[in-house]
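S.K.: Pasting the sequence and the predicted coordinates here, then a few questions.
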Amino acid sequence: MKTALVLTLALAFVASATVYFEEDFSGNWQDRWTISEDKKVEERGLLETSSAKHHPDSNDVGLKTTEDARFYQATAKFDEFTNKDKDLIFQFTVKHEQKIDCGGGYFKLLPPGFDAKKIQR
């Protein structure tokens, strides 16, 4: 019993982390995100929130692209931080439900002061 408690505490210590940014796209997520205007209007797609097609839990939503062959560029601000002398883990989940031939996703951690309306891919 004592060994199990020690192991549980050790695992809890190893698994602890500071979360610098987390998004669940609840409420008015558009107020927290800025959509880039770098591309021409006809090249930009609209983002919406949705639960997954095969896991329809209305409390578990993410961003969904609404059109194929469009650019989707959105940014969200978070407080400045440092991970000096510590690992930084950047985690996200992508679910491709469309049957598309090609595509790509890019995530960038940008410094304070950039113009979110003009972010480029």
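M.R.: Alright, I've got the coordinates.

S.K.: center of the protein, which residue is that?
M.R.: Phe92 (5.5 Å; CA atoms, centre = their mean).

S.K.: Surely Asp24 is within a helix?
M.R.: No: the assignment for Asp24, made by DSSP: H, G, I helix; E, B strand; the rest coil, is coil rather than a helix.

S.K.: mind listing what it touches?
M.R.: Val61 (CB atoms under 8 Å, 6 or more residues apart in numbering). Any C-beta I mention is one placed from the backbone N, CA and C, and that applies to glycine too.

S.K.: Look at it and report its pLDDT.
M.R.: Predicted confidence (pLDDT) for Asp24: 91.

S.K.: I'd like the numbering to begin with 23 instead of 1 from here.
M.R.: With 23 as the first residue, the last one maps to Asp46.

S.K.: give me phi/psi at it?
M.R.: Main-chain dihedrals, Asp46, degrees, to the nearest 10: phi -120, psi 0.

S.K.: repeat for Trp51
M.R.: The phi/psi pair for Trp51 (degrees, to the nearest 10) is phi -60, psi -30.

S.K.: ok, now Val63?
M.R.: phi -50, psi -40.

S.K.: so the closest residue in space to the residue nearest to the centre of the chain that isn't next to it in sequence is in which element?
M.R.: Leaving aside its chain neighbours, Phe114 sits nearest to Phe129 (6.6 Å; criterion: CB to CB, 6 or more residues apart in numbering). When elements are defined using DSSP states H and E, Phe129 is found to belong to no helix and no strand.
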